[in-house]
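> Got a predicted structure here, sequence first:
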Amino acid sequence: MKADLTALFLPRQPPMVLTEAEQMMEEWNEDLDGMEGFVLEGKKFARLPEEEFGHFHTQDCYVFLCRYWVPVEYDDEDKDKRRRRGHGHHGGEEEEEERVEEDFQCVVYFWQGRQASNMGWLTFTRLCRRSLRVVRMTQQQENLKFLSHFKRRFIVHKGKRKQKIDAAQPSLYHIRTNGSALCTRTIR
């Protein structure tokens, strides 16, 4: 078996400047119309309380359904057809401003903690409709657009979500950025 190892010896890419990362985050969140979160509890996905958005656990699986605005643009031929049908032109009046129609695109993000079993993915694929676009991620390999929706508040806790934690016991967390403010994660 041959492997291309050249990527191991290339210089590291320069880190993304904070202002550039914030601009990307703002642009991606501008198109986000809504986000619903679910966590696997037993053999079904339960709605994740909004106050727990951004908190993940290494032994759990999460699903986020994101709805994005997508502007619909027409080429010149489509615009002419719409005008002939009476859209966009009213007799002798000046043509009104071109209206941009909007549509939605749904993307489902599946996140699996490092210590979670693959049963979460199997349960999800059994329940999920095939028509949706699914982005599967594992801990530490998150999609930048997905990370941007948490606005740099992405915390990974050790264990399961419903596990009792002794509040008197101190916890140490690592902050990791991996070359960009978008990738900022706090990990216990």
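Cool, the structure landed.
> From now on I want contacts and neighbour counts done on CA atoms only, so please keep to that.
OK.
> For the residue nearest in space to the middle of the chain, what are phi and psi?
Centroid-nearest residue in the chain: Phe146, 2.4 Å away (criterion: C-alpha atoms, centre = their mean). Here is the backbone geometry of Phe146 (degrees, to the nearest 10): phi -60, psi -50.
> what does Leu18 give?
phi -60, psi -40.
> tell me which residues in the helix or strand harbouring Pro71 are buried?
Here Pro71 sits within strand 61-72, counting by DSSP states H and E. Residues of strand 61-72 classed as buried: 61-68 (neighbour count, 16 or more other C-alpha atoms under 10 Å).
> Run through who's touching that strand.
Here strand 61-72 makes contact (C-alpha atoms under 8 Å, 6 or more residues apart in numbering) with 31-40, 56, 100-113, 116, 120-121.
> ok, now stretch 43-53?
The contact list for stretch 43-53 (C-alpha under 8 Å, 6+ apart) reads 36-40, 123, 150.
> Go ahead and confirm Cys139 touches Ala116.
Cys isn't right for residue 139; it's Gln. No: with contact defined as C-alpha atoms under 8 Å, Gln139 does not count as touching Ala116 (9.8 Å).
> Find residues that contact each of the two.
Thr58.
> Tell me which of those two has more neighbours.
Taking other C-alpha atoms under 10 Å, Gln139 and Ala116 do not tie; Ala116 has more neighbours (19 against 16).
> Am I right that the more buried one is in a strand?
No: remark: Ala116 does not belong to a strand; assigned using DSSP: H, G, I helix; E, B strand; the rest coil, it is coil.
> what's the closest non-adjacent residue to it?
Spatially, and ignoring its direct neighbours in sequence, Ala116 is nearest to Gln59 (4.0 Å; C-alpha to C-alpha, 6 or more residues apart in numbering).
> That neighbour touches Met119, doesn't it?
No: contact between Gln59 and Met119 fails when scored by C-alpha under 8 Å: they sit 11.4 Å apart.
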